[in-house]
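In: Have a look at this prediction, sequence included:
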Amino acid sequence: MNFINPKTDFAFKKIFGSADSKDILISFLNAILYEAQPVIEDLEILDPYLAPKIKGVKDTYLDVKAKISGSKTVIIEMQVLNVESFEKRILYNATKAYSVQLKSGENYNLLNPVIALTITDFQMFEHLETVISRFCIKEKNNRVEYLADELEFVFVELPKFDKTLAELETLTDKWIYFMKTARTLRSVPEELGNVPELRKAFTIANEANLDPDELEDLERREIFIQDQRGAITKATRIGREQGIEQGIEQGIKQGKVTLIVRQLERSVGVLSPDLKTSIAQLSAQQLENLGEALLDFASVSDLTTWLQAHNNRQ
């Protein structure tokens, strides 16, 4: 058997955010947030996963969101690449989920707590040894908590988890092991299969149960991640070889341009020299925006329209 990679946004949403994934998500959240205690008995998955209907729609898969016990909202994000300002995005998403609960004129006591759960495939806090870290608002000098239950940030750093299959002890261990290794497994290990929710997660993750559109979309997203990682590595190498800060910045931009051109030519065909020049002249932020937008392009005209619109904003 081959299993889809739960680290990709598509697979993560399908496994944990499908309409029939409630029991899976309850088990996962209890394991990660509450040390496998049955604190969450029921939940409502918000905006559940739907199989793609239009090829290339990049916003089909959002963070998994759920309403859990105590009227809390949990937003869950799986992040593979350590991109710039990622930390600020987490803060923005959490505070946005908190603030949009109120309509104009409503009382603040109607606000309910929000938990932002982020799973990363890279280390965020190198000075911390724990796999799971929890943050809340505290007074700066005395560390006194301030409305600690209202806004909480929980991080799971997969690279820090180094237990083998034989060393798994808790339900928390088993779910993190699933997240980290499912893509490499060829069968369901007995140590994981004896948990009904994990066994069901493996069933959903089985590539044999995906339709052709889902498989194609999954492949495109995995290629995108691989290309992004390659571009970052190449850009860093170029910058280091030049040995100066300006060289690093230029190397990173050059790597992004090369990556985007390659991805565009895979999806819409060969680009003219003029189009390549226009792309190379974009700012770093515009290149990042184009890297996201290109997943929606069906033809060269879509790219041309995008470039014209963004050149007009300069």
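Out: Sure, I can see it.
In: got the residue ranges for the strands in the chain?
Out: Ranges of strands in the chain, per DSSP state E, are 44-46, 64-68, 72-79, 114-120, 132-135, 151-157.
In: Would you reformat these as TSV and include mean pLDDT, distance to Ala309 and mean neighbour count?
Out: Heads up, the C-betas are built off the backbone N, CA and C, glycines and all. Formatted as TSV, the strands of the chain follow (pLDDT from 0 to 100; distance: least, CB to CB, whole Å; neighbours: other CB atoms under 10 Å):
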stretch	mean pLDDT	distance to Ala309	mean neighbour count
strand 44-46	88	32	15
strand 64-68	90	30	21
strand 72-79	92	28	21
strand 114-120	95	32	23
strand 132-135	96	38	15
strand 151-157	97	35	20
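In: Reformat these as JSON lines; add distance to Lys96.
Out: As requested, the strands of the chain are exported to JSON lines (distance: least, CB to CB, whole Å):
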{"stretch": "strand 44-46", "distance to Lys96": "14"}
{"stretch": "strand 64-68", "distance to Lys96": "11"}
{"stretch": "strand 72-79", "distance to Lys96": "9"}
{"stretch": "strand 114-120", "distance to Lys96": "9"}
{"stretch": "strand 132-135", "distance to Lys96": "17"}
{"stretch": "strand 151-157", "distance to Lys96": "11"}
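In: and Met179, which of these is closest to it?
Out: The closest of these to Met179 is strand 114-120. By CB to CB, the value is 6.3 Å.
In: which stretches of this structure form helices?
Out: Along the chain, counting by DSSP state H, helices occupy 9-17, 22-33, 86-99, 171-181, 190-193, 196-205, 212-242, 245-268, 273-280, 284-293, 300-311.
In: Which of the ones you listed has the lowest mean pLDDT?
Out: Among the helices of the chain, helix 212-242 carries the lowest mean pLDDT, a mean of 67.
In: distance of Tyr92 from Ser85?
Out: 9 Å (CB to CB, to the nearest Å).
In: related to what we said a few turns ago, which one of the strands of the chain lies nearest to Val257?
Out: For the strands of the chain, proximity to Val257 was assessed by CB to CB; strand 72-79 is nearest, at 23.6 Å.
In: Adjacent strands (with direction) for that closest one?
Out: Within its sheet, strand 72-79 is paired with strand 64-68 (antiparallel), strand 114-120 (parallel), according to DSSP bridges.
In: For stretch 98-113, buried residues please.
Out: Tyr98, Leu111, Pro113 (16 or more other CB atoms under 10 Å).
In: closest to Asn142 out of the helices of the chain?
Out: Comparing these by CB to CB, helix 86-99 comes nearest, at 22.6 Å.
In: So which elements touch the closest one?
Out: strand 72-79, strand 114-120, strand 151-157 (3 or more CB pairs under 8 Å, 6 or more residues apart in numbering; DSSP states H and E).
In: what is the orientation angle of the last one with strand 72-79?
Out: In this case it means strand 151-157. Relative orientation of strand 151-157 and strand 72-79, computed by axes from the mean of the first three to the mean of the last three CA atoms, to 10 degrees: 30 degrees.
In: Sheet partners, orientation included, of strand 151-157?
Out: strand 114-120 (parallel), strand 132-135 (antiparallel).
In: from the middle of its chain, how far away would the first one be?
Out: In this case it means strand 114-120. Mean C-alpha position of strand 114-120 versus that of the full chain (CA atoms, centre = their mean, to the nearest Å) differs by 10 Å.
In: quick one: contacts for Lys140?
Out: Lys140 sits next to no residue when contact means CB atoms under 8 Å, 6 or more residues apart in numbering.
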